[in-house]
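S.K.: Pasting the sequence and the predicted coordinates here, then a few questions.
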Amino acid sequence: MPDPVPEDFSQDNWRAVSLEKDVKAVVVGFDKHISFLKLIRASSYLKDPNVHFIATNTDQSFPSSSSDIIIPGTGCIVGPVVMGSGRKPVIIGKPETLMIDYLKKEYNVDMSRSVFIGDRLDTDIWLAKKCQMKSVLVLTGVSTLAEAEKHSRSTVAADRDLVPTFYLDGMNVFNNLIRS
């Protein structure tokens with residue numbers, strides 16, 4: 001929900017920001033209505049060390065149909081809360097392994113027989129590598145084949161960890177493979 005800053009809002013009345021009582025967690029995810037008041041509230045709740053700080057992901061940007069437009073990702077919302085609160089979140093999404101660890105434990109999934117599909121080298125492909133899965137980079141999102149090829153030629157091990165096992169031009173290719 002939008003939470004606009006009033007026109008007359010100044011440093012003198014910041015202390016008047018209303019805070020809920022008994023907050024147990026601050027969860028930061030994508031919010032197209034992010035506002036300064038929301039950042040104040042999140043940072044203020046996190047002054048209490050008993051309040052959990054959870055981030056859905058730290059993606060830098062989202063795919064855009066225009067090469068001229070950058071759509072800031074969730075990481076651009078998490079960052080100010082980290083800075084304002086002085087706390088680091090538990091990240092439950094990619095590239096952290098929490099969700100994969102759960103699948104391995106609860107369903108006994110064999111990661112060596114699994115494939116992770118995504119459009120980002122620094123989250124999707126990196127997660128697959130950390131979890132010993134094969135990976136498929138789909139070239140309809142953020143990362144490009146040129147970036148993957150550059151990483152494959154690098155002498156830096158961390159760069160080579162971002163190289164996918166396979167790549168596809170789009171999901172329609174993958175869907176056709178499944179149907180055949």
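M.R.: Looks like it arrived, so ask away. Numbers count the residues shown, from 1 in each chain.

S.K.: Count residues in the vicinity of residue 16, would you?
M.R.: Using other Cβ atoms under 10 Å, residue 16 is surrounded by 7 other residues. (C-beta placed from N, C-alpha, C; glycine too.)

S.K.: scratch that, residue 126 is what I was asking about
M.R.: 19.

S.K.: With residue 168 instead?
M.R.: Residue 168 sits with 17 neighbouring residues when counted by other Cβ under 10 Å.

S.K.: Check the average confidence over the strand or helix carrying residue 77, would you?
M.R.: Element membership for residue 77 (DSSP states H and E) is helix 75-85. Across helix 75-85, the average pLDDT comes to 97.

S.K.: what's the helix or strand just after that helix packed up against?
M.R.: As assigned by DSSP H and E, the chain's next helix or strand after helix 75-85 is strand 90-91. Packing contacts for strand 90-91, counted by 3 or more Cβ pairs under 8 Å, 6 or more residues apart in numbering; DSSP states H and E, involve strand 52-55.

S.K.: Setting the sequence-adjacent residues aside, check what's closest to the residue most central in space within the chain.
M.R.: Nearest to the mean C-alpha position of the chain, by Cα atoms, centre = their mean, lies residue 57 at 2.5 Å. Spatial nearest neighbour of residue 57, excluding adjacent residues (Cβ to Cβ, 6 or more residues apart in numbering): residue 93 at 3.5 Å.

S.K.: Just confirm the one you found contacts residue 75, I think it does.
M.R.: No - using Cβ atoms under 8 Å, residue 93 is not in contact with residue 75; the gap is 10.5 Å.

S.K.: Check the residue nearest to the centre of the chain and give its pLDDT.
M.R.: pLDDT at residue 57 comes out at 93.

S.K.: what do you get for residue 16?
M.R.: 72.

S.K.: Look up how far residue 145 lies from it.
M.R.: From residue 16 over to residue 145 the distance is 53 Å, taken as Cβ to Cβ, to the nearest Å.

S.K.: any idea whether residue 104 is helix, strand or coil?
M.R.: Secondary structure, DSSP: H, G, I helix; E, B strand; the rest coil: residue 104 is helix.

S.K.: so who does it touch?
M.R.: By Cβ atoms under 8 Å, 6 or more residues apart in numbering, residue 104 lies in contact with residue 111.

S.K.: again, but for the one 5 residues further on
M.R.: Residue 109 is in contact with residue 103, counting by Cβ under 8 Å, 6+ apart.

S.K.: go on, the one 5 residues further on?
M.R.: Residues touching residue 114, when contacts are defined by Cβ under 8 Å, 6+ apart, comprise 131, 133-134.
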